[in-house]
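Trainee: Fold the following for me, if possible:
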Amino acid sequence: MNMRKNSSITVFEHQPLRTDKGNPKITETQYKALKKHFDEKEVPYYSLINNGVKFNKYVGVIQVGQTLIEVLPKADKYTHESEWRKILIGMVRAVRFFNVTPTSESSLKLKPNSLLELYFEMFIGEAERILRKGLVKTYRKTEGNNYTLKGSIHFSKHLNQNLTHQERFFVRHTVYDSQHILNKVLFKTLILIKSINKSPSLNSRISCLLLDFPEMLDINVNTAFFKSIVFNRKTDDYRKAIEIARLLLLSYHPDVSQGHNHVLALMFDMNLLWEQFVYASLKVNRSEDTTIHGQNSKDFWETVQGNRKSRMRPDIVINKDEKGKSIVLDTKWKNLNGKNPSPDDLRQMYVYHKYYGAKKVALIYPGDDNDPVIGQYFAESDDIPEINECSLISVSTNATIKDWQESIWKNVAEWARIN
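Mentor: I've put the predicted structure just below:
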């Protein structure tokens with residue numbers, strides 16, 4: 001990990017950043033901003049330690065004022081920041097439902113804040129497309145002084161403001177313009193990106209968008225606001241841009257007390273990202289007669305009164321055909337390094353085996369691309385010599401995301417014999 005001249009810091013997951021020792025270090029000001037952010041938001045992606053912070057299982061970027069902290073994953077043989085940065089970008093791009101991809105991998109320059117730039121680039125591309133097609137318009141009520149009489153006169157304000165200007169009319173009327181709520185979200189996001197963007201290659205595109213974009217009234221946004229948005233036939237093209245806008249706007253926490261240590265945190269739970277990446281890899285490479293379900297829940301326990309329930313939810317369930325038994329997979333973002341899985345993980349897989357009537361189950365890890373380690377549970381009784389298989393599958397990271405996704409499917413398919 002290192003510190004760059006442009007105030008960017010790169011660390012790997014589970015590593016600390018301190019003010020008093022280590023390389024790189026953070027300043028007291030940066031530590032206070034991170035501590036304040038932690039105290040206010042109770043964020044899960046790092047914890048406070050003596051004179052510093054320690055990152056947890058989350059990866060991504062945190063921008064504190066003018067300094068960007070990049071947290072990268074690390075699970076196997078790769079050691080260089082550039083390799084893991086490329087892997088993280090590829091994984092995020094593969095699992096997100098919006099698929100805004102540059103023409104080639106090299107077209108997105110891998111800079112210190114490349115993950116943040118990836119989201120900026122995706123949003124800018126969507127905003128450019130929407131602007132070319134034409135912003136959606138809506139009817140809205142407005143009032144003000146006009147030289148022409150249209151709508152209805154607001155008599156009290158008309159008399160108050162126009163005693164000496166009888167050529168004017170203070171009226172209420174309806175206009176049809178682009179002051180639509182979705183356009184206001186796009187405009188607010190563009191203003192945010194302009195204020196924190198450090199990429200010269202994006203500056204001109206942002207400036208052009210703001211030049212062509214009509215001035216919009218400011219709005220307050222929160223989680224409830226985005227949940228209330230309803231798309232229709234006219235606004236369906238906004239979905240991708242609004243999703244990225246939601247991610248950026250809700251991740252931004254301005255420093256209202258000092259005004260120069262704003263925090264933008266764009267972090268991903270690495271366990272969840274790995275689960276979604278494996279699921280996406282299997283889905284995109286599966287054979288036509290194979291169905292793959294993610295997070296397939298089943299009722300597991302309930303009270304006699306039936307008012308309280310518990311459900312089990314494996315990461316991935318595979319079915320080859322309607323009559324065949326299912327195959328259950330659980331993903332774990334950790335490197336075993338030749339050690340056994342945790343007893344809790346093995347017990348969990350045993351329950352999946354029984355409850356889903358699975359043909360076999362497996363835990364999937366990042367790591368060396370060796371043959372699966374075949375394991376089995378002991379029979380519950382000597383009279384019933386049942387063999388229940390629970391294997392360990394490690395899949396090595398690959399130079400290209402496409403090859404990595406294909407190798408995940410190949411390893412699972414060969415082990416499960418569903419080619």
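
Trainee: outside of stretch 25-35, which residues touch it?
Mentor: Stretch 25-35 is contacted by residues 3, 9, 17-19, 46, 48, 51-53, 62, 64-65, 67, 69, 255, 261, 263 when judged by Cβ atoms under 8 Å, 6 or more residues apart in numbering. For the C-beta atoms, the positions are set from N, CA and C on the backbone; glycine is no exception.

Trainee: Just the element for residue 191, please.
Mentor: helix 181-196 (DSSP states H and E).

Trainee: How many residues are close by the closest residue to residue 320 other than its chain neighbours?
Mentor: In this structure, residue 320 finds its nearest non-sequential neighbour in residue 418, 4.9 Å apart by Cβ to Cβ, 6 or more residues apart in numbering. Residues near residue 418, counting by other Cβ atoms under 10 Å, number 19.

Trainee: Please tell me how far residue 418 sits from residue 282.
Mentor: 10 Å (Cβ to Cβ, to the nearest Å).

Trainee: shared neighbours of these two, which are they?
Mentor: 318, 412.

Trainee: returning to what we had before: identify the residues contacting the residue nearest to residue 320.
Mentor: Residue 418 is in contact with 287, 290, 318, 320, 327, 412, counting by Cβ under 8 Å, 6+ apart.

Trainee: Work out for me the element the last one sits within.
Mentor: Under the assignment given by DSSP H and E, the secondary-structure element containing residue 412 is helix 401-416.

Trainee: chain center to that helix, what's the gap?
Mentor: Averaging C-alpha positions (Cα atoms, centre = their mean, to the nearest Å) puts helix 401-416 24 Å from its chain's average.

Trainee: and whichever helix or strand comes after the helix holding residue 191, what other elements does it pack with?
Mentor: Note on helix 181-196: by DSSP H and E, the next helix or strand toward the C-terminus is helix 200-212. On a contact count with 3 or more Cβ pairs under 8 Å, 6 or more residues apart in numbering; DSSP states H and E, helix 200-212 meets helix 114-133, helix 181-196.

Trainee: These into TSV, with extra columns for mean pLDDT and distance to residue 74?
Mentor: Below are those laid out as TSV (pLDDT from 0 to 100; distance: least, Cβ to Cβ, whole Å):
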stretch	mean pLDDT	distance to residue 74
helix 114-133	89	15
helix 181-196	93	26
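
Trainee: TSV for those, including distance to residue 83 and mean neighbour count?
Mentor: Below are the helices and strands packed on helix 200-212 laid out as TSV (distance: least, Cβ to Cβ, whole Å; neighbours: other Cβ atoms under 10 Å):
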stretch	distance to residue 83	mean neighbour count
helix 114-133	13	20
helix 181-196	26	20
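
Trainee: Export the ones you listed as TSV, with columns for distance to residue 304.
Mentor: As requested, the helices and strands packed on helix 200-212 are exported to TSV (distance: least, Cβ to Cβ, whole Å):
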stretch	distance to residue 304
helix 114-133	49
helix 181-196	49
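
Trainee: Return the subset of the contacts of stretch 25-35 lying in strands.
Mentor: Among the contacts of stretch 25-35, the members falling in strands (DSSP state E) are 9, 17, 18, 46, 48, 52, 53, 62, 64, 67, 69, 263.

Trainee: which element is residue 394 on?
Mentor: In this structure, residue 394 sits in strand 388-395 according to DSSP H and E.

Trainee: residue contacts, residue 350?
Mentor: By Cβ under 8 Å, 6+ apart, the contact list for residue 350 reads 377, 388, 390.

Trainee: again, only using 7 Å
Mentor: Residue 350 sits next to residue 377 when contact means Cβ atoms under 7 Å, 6 or more residues apart in numbering.

Trainee: Quick check: buried residues in the helix or strand containing it?
Mentor: For residue 350, the host element (DSSP H and E) is helix 343-355. Buried positions in helix 343-355, judged by neighbour count with 16 or more other Cβ atoms under 10 Å: 345, 346, 348, 349, 352, 353.

Trainee: separation between the fifth one and residue 69?
Mentor: I take that to be residue 352. 38 Å.

Trainee: Ok, the fourth one next?
Mentor: Distance from residue 349 to residue 69, counting by Cβ to Cβ: 36 Å.

Trainee: before we move on, the earlier item: where does the residue nearest to residue 320 land in three-state SS?
Mentor: Classification of residue 418 using DSSP: H, G, I helix; E, B strand; the rest coil returns coil.

Trainee: Wait, residue 388 touches residue 377, no?
Mentor: Yes. The criterion here is Cβ atoms under 7 Å, and residue 388 meets it with residue 377 at 4.4 Å.

Trainee: Inside helices: which ones of the contacts of residue 418?
Mentor: residue 412 (DSSP state H).

Trainee: Identify, from the contacts of residue 418, the entry nearest to residue 115.
Mentor: residue 412 (27.6 Å; Cβ to Cβ).

Trainee: Count residues in the vicinity of that closest one, would you?
Mentor: When neighbours are counted by other Cβ under 10 Å, residue 412 comes out with 25.

Trainee: Do I have it right that it meets residue 282?
Mentor: Yes. Residue 412 lies in contact with residue 282 (Cβ under 7 Å); the separation is 6.4 Å.
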